[in-house]
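[1] please work out how this folds:
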Amino acid sequence: MILWRRPWRRWTGLIAYGAIGLALVITLVPVYWMVTMSLKTEVDQFARPPRWFDFQPTLEHYYETFFIRPFGHYVMTSVVVAALSTALALTLGTLAAYSLARFELRWRMHRHLAYWILSTRMFPPIVTIIPLFLMLRHLQLLDTITALILVYAGFNLPFVVWMMRGFFQELPIELEEAALVDGDSRLGVLWRVVRPLVMPGLVATAIFCLITSWNEFLFALILTQTDASITLPVGIAGRVTQYEIKWGAMSAAGVVAMLPMLVFAMMVQRHLVRGLSLGAVKA
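    As a prediction, this is how the structure comes out:
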C-alpha cells in the first residue's frame, strides 16, 4: 500500500508543477512579447516567422515615446491621479468602514448600509458617464486632474469600505475599550491602536485601488481632452491612428506603465500576502 502511494504522490507533484509552469508561461509570454516589441525595429516586428530572440535591440521607440511625444507627462499625471485618488478613497473609506464595524444603528441599518455601499460596484461604470460629465461641466472641472481624482476616489470608495470593514470586525474590541478607558479619543484609538493592526489590509486595499486608478481608461478618455490632464492609458491608445498603429511606441509605453505597479507591489509584498489572507473574507 505504501509502495503504491509513493508513485501517486510523485505524479501529483509533477502535475502540480506542470500546472504552475503552464500558468507561468501563459502569464509571462505576453509580457515578454511586449518587452521585445518595444526593442525591435519595424522590420523585426512584422517578420515571419516571428523573431523571439534573434533581433537587433534598439531604443528608438523609447526615445520617440518619451522625448518626442509627451508620454513622460502622461506618466506623471497618472502617478498623481492614482496616488491622490487612492489616498482620498482610503481615508474616507477607512473612516466609514470603522463606523460600520463598531457602531450599531437602529433597525440594523449598519448592515444594510454595508450592502448598499457595495451594490454601487455592481452596475457598469459606463452608465454614470453622462451624469458625471454634466456635473463636472457645471463645476467647470472638465479636462482637469481634479475631476479624475474625485471620480476615481468615488468608484474605489465602496471597495475600500467593504474590505476594511472585514478587517475591523476581525479585531477584538477589548483593545479599543482599554485605550478608551485610558483616556484616548475614538480617533486616537483608530490611529494609534487600530491602524497598525490593520496595516496589511490597508496595503492590500491600496494596491487594488492603485491598479484600478492606474489602468482606468473610460473616464479618462471622456473627461479629458488635452495633454495637461490625459493619463497614460489614453496616451497609449492615441498611438492607434486612422492610418497606422505604432506598435513599438505602444509597447515601450506599456513597459514603462507596468514598472511602477510592479515595483510598488514588490516593495509591499509581505503586507500584501498577509492582507489578502486576513480578515477580508468576513462579511
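[2] does the most centrally placed residue in the chain lie in a helix or a strand, and which?
    Centroid-nearest residue in the chain: Ile211, 1.5 Å away (criterion: C-alpha atoms, centre = their mean). Under the criterion of DSSP states H and E, Ile211 resides in helix 199-215.
[3] for that helix, buried residues please.
    200-210, 212-214 (16 or more other C-beta atoms under 10 Å). Heads up, the C-betas are built off the backbone N, CA and C, glycines and all.
[4] pull out the buried positions in stretch 222-235.
    222-224, 229-235.
[5] among those, name the ones in helices.
    If you go by DSSP state H, the buried residues of stretch 222-235 have 222-223, 232-235 in helices.
[6] take those and write them to CSV, including distance to Arg192.
    CSV is the format used below for those (distance: C-beta to C-beta, whole Å):
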residue, distance to Arg192
Ile222, 42
Leu223, 39
Leu232, 37
Pro233, 39
Val234, 41
Gly235, 42
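[7] ok, so of those residues, who is nearest Thr12?
    Nearest to Thr12 among these is Pro233, at 42.2 Å by C-beta to C-beta.
[8] and the pLDDT for the closest residue to that closest one other than its chain neighbours?
    Using C-beta to C-beta, 6 or more residues apart in numbering and skipping residues adjacent in sequence, the residue nearest Pro233 is Phe217, 4.4 Å away. Confidence at Phe217, expressed as pLDDT, is 91.
[9] wait, doesn't Phe217 sit right on Val234?
    Yes: at 6.6 Å, Phe217 counts as touching Val234 under the criterion of C-beta atoms under 8 Å.
[10] which residues touch Val151?
    85, 132, 136, 219, 223 (C-beta atoms under 8 Å, 6 or more residues apart in numbering).
[11] give me the distance between the residue lying closest to the fourth one once chain neighbours are set aside and Phe103.
    In space, Phe219 comes closest to Val151 once its chain neighbours are excluded; the distance is 5.3 Å by C-beta to C-beta, 6+ apart. Val151 is 29 Å from Phe103, where distance means C-beta to C-beta, to the nearest Å.
[12] try Glu64
    56 Å.
[13] cool, and Met135?
    31 Å.
[14] looking at these two, which is more packed in?
    Each of Met135 and Phe103 has its neighbours counted (other C-beta atoms under 10 Å); Met135 has more, 15 against 9.
[15] got the contact list for the helix or strand the more buried one falls within?
    In the assignment (DSSP H and E), Met135 maps to helix 129-138. Identification of contacts with helix 129-138 by C-beta under 8 Å, 6+ apart yields 142, 147, 151, 218-219, 222-223.
[16] sort out which residues of that helix are buried, please.
    In helix 129-138, counting by 16+ other C-beta under 10 Å, buried: 129, 132, 136.
[17] all helices for the stretch 151-283 of the chain, in order.
    Assigned helices in the stretch 151-283 of the chain, in chain order: 173-181, 186-189, 195-197, 199-215, 218-223, 232-237, 247-267, 269-276 (criterion: DSSP state H, counting those that start in this stretch).
[18] so which of those helices is nearest Thr91?
    With C-beta to C-beta as the criterion, Thr91 lies closest to helix 199-215 of the helices of the stretch 151-283 of the chain, at 10.6 Å.
[19] point out where the chain drops to low pLDDT.
    The chain contains residues with pLDDT under 70 at 1-8, 110-111, 271-283.
[20] quick one on the thing from earlier: state the distance from the residue nearest to Phe219 to Asp227.
    19 Å.
[21] repeat that for Ala237.
    Applying C-beta to C-beta, the value for Ala237 to Asp227 is 14 Å.
[22] cool, and Ala87?
    For Ala87 relative to Asp227 (C-beta to C-beta), the value is 25 Å.
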